[in-house]
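S.K.: Here you go, sequence then predicted model.
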Amino acid sequence: MKVILTEKITKLGNIGDTVEVKTGYARNYLLPNNKAMRFTKENVALFEAKKAELVARHEKAKADAESKFDVVKNAKLHMIRQAGDTGQLYGSVSSRDIAVALKDIAGVNIGSAQVMLGSPIKSVGVFDTKIALHPDVIVDVKVYVAQSQDEIDALVAGKKLTFGTKKVTEEETTEEVAEKKEEKSEKPATESESKEEIAE
């Protein structure tokens with residue numbers, strides 16, 4: 001479907017751009033949220049008449065997002081979760097969890113779609129993500145996940161958390177530890193190991 005964007009959409013276009021999008025995306029998201037209008041001769045004329053108002057609204061939203069930048073940047077996103085002996089969480093931390101935490105901690109109301117997390121967090125550790133307060137205002141934040149506030153304080157201080165015989169730091173999450181363990185188990189047996197197996 002061809003639409004005219006009435007606000008800037010990341011990876012899609014700026015205000016006034018005419019773009020082709022999937023019909024479902026237009027009908028379910030862009031049109032109902034007034035982020036775009038169908039491309040018709042009448043709507044082109046309507047957009048031109050409203051363009052100054054839309055640009056002003058965009059700039060106001062951007063200024064509002066910029067005013068929250070430091071608050072979000074300094075928000076202590078500390079997530080306390082239950083985890084197993086290896087540091088794997090019982091469950092996960094999702095974009096929605098981070099959005100809720102940001103509202104509770106910093107009073108900033110955002111949608112989960114504005115949390116650019118990618119896949120959910122499934123282990124204890126320190127994780128980098130971004131918060132898109134506005135298409136032009138994106139904040140880098142760190143999310144600390146541990147089983148207690150003491151463990152979170154240790155991660156914030158750059159200390160290591162021990163799980164079994166392994167230690168987890170900001171640089172190495174438990175997922176990376178698990179991957180290394182898998183790689184080790186996939187290595188071929190040594191010559192001495194092979195001889196032992198033959199002898200048995």
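M.R.: Received it, and whenever you're ready, just let me know what you need.

S.K.: Can you tell me the centre-most residue of the protein?
M.R.: The centroid of the chain falls nearest to Leu117 when counting by CA atoms, centre = their mean (1.6 Å).

S.K.: Can you tell me the closest non-neighbouring residue to Ala113?
M.R.: Ser95 (7.4 Å; CB to CB, 6 or more residues apart in numbering). In this view, the C-beta of every residue, glycine as well, is placed from N, C-alpha and C.

S.K.: no, scratch that, I was asking about Gly118
M.R.: Closest to Gly118 by CB to CB, 6+ apart is Thr129, at 7.8 Å.

S.K.: looking at this, Thr129 is in a strand?
M.R.: Yes: counting by DSSP: H, G, I helix; E, B strand; the rest coil, Thr129 falls inside a strand.

S.K.: And Lys62, how far from Val72?
M.R.: 15 Å (CB to CB, to the nearest Å).

S.K.: The two: which is more packed in?
M.R.: More crowded of Lys62 and Val72, by other CB atoms under 10 Å: Val72, with 20 against 16.

S.K.: how about the top helix by length along the chain: buried residues?
M.R.: The residue-count maximum for a helix in the chain (DSSP state H) belongs to helix 41-67. Of the residues in helix 41-67, Phe47, Leu54, His58, Ala61, Lys62, Ala65 count as buried by neighbour count, 16 or more other CB atoms under 10 Å.

S.K.: so where's the protein shaky on pLDDT?
M.R.: Scanning the chain for pLDDT under 70 picks out 164-200.

S.K.: If we use 50, what do you get?
M.R.: 165-166, 171-178, 180-181, 184-200 (pLDDT under 50).

S.K.: For the residue nearest to the centre of the chain, list the residues it contacts.
M.R.: By CB atoms under 8 Å, 6 or more residues apart in numbering, the contact list for Leu117 reads Ser94, Ser95, Ile98, Phe127, Thr129.

S.K.: Just the buried residues of these.
M.R.: So, of those, Ser95, Ile98, Phe127, Thr129 end up buried under the neighbour-count rule (16+ other CB under 10 Å).

S.K.: hang on, the third one packs against Val141?
M.R.: So the one you mean is Phe127. No: under the criterion of CB atoms under 8 Å, Phe127 makes no contact with Val141, lying 9.3 Å away.

S.K.: so which of the buried ones among the contacts of Leu117 would you say is closest to Ser148?
M.R.: Phe127 (17.6 Å; CB to CB).

S.K.: all strands of this structure, in order?
M.R.: 2-5, 18-20, 36-38, 77-80, 88-93, 121-123, 125-134, 137-146, 161-163, 166-168 (DSSP state E).

S.K.: wait, which of those strands is closest to Tyr29?
M.R.: Of the strands of the chain, nearest to Tyr29 by CB to CB is strand 36-38, at 9.0 Å.

S.K.: which residues does Phe69 contact?
M.R.: Leu133, Val137, Val139.

S.K.: Please look at Asp17 and Lys2 and confirm they touch.
M.R.: No: using CB under 8 Å, Asp17 makes no contact with Lys2, being 11.0 Å away.
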